[in-house]
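Undergrad: Pasting a predicted model and its sequence here:
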Amino acid sequence: MARRIAVPDLRFAALCFAGAALPWSKAGLSIGMGLLLLASLLHARPLGTFRSAVGAASLGMMLPLLISALTSEDLARGWKEWTSFWPVLFPFLGAAAVRDARRPRLFLAVLVVSTTAGTLPLLAHWWENFERYGELRRWFVPPTNIWLYTLSVCTGAFVSWSLLLKSRRAGARGAWGLVFALHLAAVLSTRRRMLILICCGILAWMTARGRGGRWTARRGVLAVGVLAALLATAFLAEPRIQAFLQPAKVLQQEPTRPLMWQFALEEFQRSPVIGTGLGDLRASLHEFADQEEARIAAENERLPAEEQVHVNLHHSHLHSNFMHTLAVAGGLGLLGVLIYLLTTARVLLRGLRSCDAAVLGCAAWALLFFGGISDASLFSSSRLSAFTILFAYAWGMLLRPQTETSDAAVD
């Protein structure tokens, strides 16, 4: 009888490696994902979580995009853009690793330490420039207020403390999901994404239940108070946030996005089913940009300086996940993306009231969805990887047996 060689389960170790590399290196993140894929293939049951609604939704998103890539005039570029979606494989493999891990919250500790360490060089850079130039906002890179970075380090320390104590109190179990969402917010590149993640993390935590499935009014009042304080601080510390109260004025002064979305609708009308093809957008967008910028420059010559409009349309992305997908992959591709997003949201919302880990997943989902309306690029593998890492952890905690931990639930 042939002897079977027992292969150690290295899936969770690979997941932690990817999480540690997330805020530091795209190459390290890719290596971690590759190790997770290899460890999953060597496991006895590598593809168990593929048999799920999320698995079907992933295929529903990837297939229309593959059709669009194969019909591209620039096949090499279309194939390259399609392969940027390969992180959608990550939730299944990561969730299975978390489900079977002995100490799944160790992953959170790794991620907290890594992201906290990632903010320290930014703080040092800010302090160096502040001492040199005596200015705060002009030389602060990335463009984020210092109080958010301070909040990041403090929340990271609080999460680490909560993990060490392993508190069973309902408030503490719910708090780590909230503060970790705040912690991750500080490593994002724009104020808009930070505010989205902060607000959605707080609102998701508001709706979560405490121990024994009981919703407490104290949690709701605390969440509303923290949300109001953060928004008030952001409003006072960054006057440009006041522009959100006057969206019509913002679009009039900065018409770049409306013009890009107009271009997307024109491309959609050319090919409403499968779109113009992944990778084929850049040339036609640049041609459109040259025409529009010449037209606006001619109009500016007849206007006073304070009324002139300046645009920059030479981009490779249309500053909206949905409009970009509509242009390059048509109605079929947009339908696939919406099915994927709605299916993952359903999984998280089902577990929100029974598993505090789902709070973190909901905040990441809201960041990807709402940020993608006018800003974030779904075609960026780094952003998609960040979402799938957090979703994989939340989903894996939902898959763990309810009897094992008091804050887990069966999917």
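TA: Yep, that arrived.
Undergrad: contacts and neighbour counts: CA atoms only from here.
TA: Will do.
Undergrad: Where does the prediction get shaky in the stretch 301-411 of the chain?
TA: 305-314, 316, 353-357, 359-360, 363, 367, 371, 374-383, 402-411 (pLDDT under 70).
Undergrad: What segments of it are helices?
TA: For the stretch 301-411 of the chain, the helices defined by DSSP state H, counting those that start in this stretch cover 321-352, 357-374, 381-399.
Undergrad: quick one, which of these is nearest to residue 39?
TA: With respect to residue 39, and counting by CA to CA, the nearest of the helices of the stretch 301-411 of the chain is helix 381-399 at 15.8 Å.
Undergrad: Which strands or helices does the closest one pack on?
TA: helix 90-100, helix 321-352, helix 357-374 (3 or more CA pairs under 8 Å, 6 or more residues apart in numbering; DSSP states H and E).
Undergrad: circling back: do you know which of the helices of the stretch 301-411 of the chain lies nearest residue 85?
TA: Checking the helices of the stretch 301-411 of the chain against residue 85 by CA to CA gives helix 381-399 as the closest, at 6.4 Å.
Undergrad: Serialize the helices of the stretch 301-411 of the chain to a markdown table and add fields for mean neighbour count and distance to residue 264.
TA: Listed next are those as a markdown table, based on neighbours: other CA atoms under 10 Å; distance: least, CA to CA, whole Å:
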| stretch | mean neighbour count | distance to residue 264 |
| --- | --- | --- |
| helix 321-352 | 22 | 5 |
| helix 357-374 | 25 | 13 |
| helix 381-399 | 24 | 22 |
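Undergrad: Kindly reformat the helices and strands packed on helix 381-399 as TSV and extend each row with distance to residue 60.
TA: Below are the helices and strands packed on helix 381-399 laid out as TSV (distance: least, CA to CA, whole Å):
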stretch	distance to residue 60
helix 90-100	15
helix 321-352	5
helix 357-374	17
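Undergrad: Quick check: which of those is nearest to residue 300?
TA: Using CA to CA, the helices and strands packed on helix 381-399 put helix 357-374 closest to residue 300, at 25.7 Å.
Undergrad: who wins for proximity to residue 114 among the helices of the stretch 301-411 of the chain?
TA: With respect to residue 114, and counting by CA to CA, the nearest of the helices of the stretch 301-411 of the chain is helix 381-399 at 13.4 Å.
Undergrad: Run the angle between that closest one and helix 321-352 for me.
TA: 20 degrees (axes from the mean of the first three to the mean of the last three CA atoms, to 10 degrees).
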